[in-house]
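>>> When you get a sec, could you give me coordinates for this:
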Amino acid sequence: MELRHLRYFVAVAETLHFTRAAEMLGISQPPLSQQIQRLEHEIGTPLLKRLTRGVELTEAGSAFLPDAIQIVQQADNALEKARGVARGISGQMSLGFASSVAFGQPVFDLIRRFKARYPAITLTTREENMALLMQDLQEGLLDAAFIRLPCESSKAFNLKVIATERMLVALPAGHALGHQRSVALSQLADETLIIFPRDVSPSLYELIVSTCLRAGLSTARFQQAPQIASSLGMVGANCGIALVPASMCCVNNPQIVFCEIENNTLYTDIAFAWRRSSTARTVSHLLRLINDAEQAASGEPSLPDGE
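Numbering: from 1, shown residues only. Next comes the predicted model:
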């Protein structure tokens, strides 16, 4: 039984007229009649009673019609779903986040616009440290990820920087230097530095440590925190100080004050990363939104989607 035979039968059953059904289907009436006869022959019973002016359903035709309609609709839905996935406007996308980018507003602005433009795409997200994130991306467990740079292992992927942040000093409220707008790292040489584990973001860790050592801080006074975000809780508890991305200023904790770093050389990028071998249209669409945002910020017109 061919799908087109079911589609032809449904059209005739709905119009109760061969000529009108043929016009609706875009074919001539004689071939339509022939195809209906083939369907009836295959089933082994008439489905339509031919009248002088039109047709009517036989008892078998009335019983057959609901299932025929359902099959045609399911086939149409399956076809549309497959085409949607092929165009990247439906389906699924698995997206990772480095824990430290969870406060980066540009990331979530992009996610909001992506969901608004492609509502049929199911977006699943995962927050991990950088080591696990890059491993999952490499193994194909993630389609793409928002990561924190610098990151040595990121060189194996395509990267698109979406934001650059300066690092700030987080001090406990009431700290002697907390009233200053900016602080030299050398003024903090006797402080306990609360820092995330190296595997959270190895390159950023090395950058922070080397900068602090040059300023006179000692690794003997380093205190490890589980993540960049959790270091703020330790600062608020007066366990020490921390260097954090500027986006983390949004954390509303009255026990913490943020200060600029004098002669600051500590900057970190948030980047969109995807595999060089990736052919996922969903990734292309998200990259398009990133490029559109970049062009809008520069005043350049964005290009059409090309869907």
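
>>> And the helices in the stretch 51-200 of the chain?
59-87, 105-117, 130-138 (DSSP state H, counting those that start in this stretch).

>>> got TSV for those, with mean pLDDT, distance to residue 253 and mean neighbour count too?
Heads up, the C-betas are built off the backbone N, CA and C, glycines and all. Listed next are these as TSV, based on pLDDT from 0 to 100; distance: least, Cβ to Cβ, whole Å; neighbours: other Cβ atoms under 10 Å:
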stretch	mean pLDDT	distance to residue 253	mean neighbour count
helix 59-87	78	44	13
helix 105-117	87	18	15
helix 130-138	84	24	20
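
>>> Output these as TSV; include the columns distance to residue 169.
Output for the helices of the stretch 51-200 of the chain, formatted as TSV (distance: least, Cβ to Cβ, whole Å):
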stretch	distance to residue 169
helix 59-87	48
helix 105-117	21
helix 130-138	22
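
>>> wait, which of those is closest to residue 237?
helix 130-138 (25.4 Å; Cβ to Cβ).

>>> Contacts for that closest one, please.
In this structure, residues lying in contact with helix 130-138 by Cβ atoms under 8 Å, 6 or more residues apart in numbering are 96-98, 126, 128, 142, 144-145, 147-148, 151, 153-154, 156-157, 199-202, 273-275.

>>> quick one: the strands in the stretch 101-250 of the chain?
Along the stretch 101-250 of the chain, counting by DSSP state E, counting those that start in this stretch, strands occupy 121-128, 144-149, 158-172, 182-183, 193-195, 222-224, 242-245.

>>> With distance to residue 259 and mean pLDDT added, can I get those strands in JSON lines?
JSON lines is the format used below for the strands of the stretch 101-250 of the chain (distance: least, Cβ to Cβ, whole Å; pLDDT from 0 to 100):
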{"stretch": "strand 121-128", "distance to residue 259": "28", "mean pLDDT": "86"}
{"stretch": "strand 144-149", "distance to residue 259": "21", "mean pLDDT": "88"}
{"stretch": "strand 158-172", "distance to residue 259": "5", "mean pLDDT": "91"}
{"stretch": "strand 182-183", "distance to residue 259": "5", "mean pLDDT": "94"}
{"stretch": "strand 193-195", "distance to residue 259": "14", "mean pLDDT": "93"}
{"stretch": "strand 222-224", "distance to residue 259": "19", "mean pLDDT": "92"}
{"stretch": "strand 242-245", "distance to residue 259": "11", "mean pLDDT": "91"}
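
>>> so where is the stretch 151-300 of the chain shaky, pLDDT-wise?
By pLDDT under 70, the low-scoring segments of the stretch 151-300 of the chain are 152-154, 298-300.

>>> re the thing from before, filter the contacts of helix 130-138 down to the buried ones.
Burial by neighbour count, judged by 16 or more other Cβ atoms under 10 Å, picks out 96-98, 128, 142, 144-145, 147-148, 151, 153-154, 157, 200-202, 273-275 from the contacts of helix 130-138.
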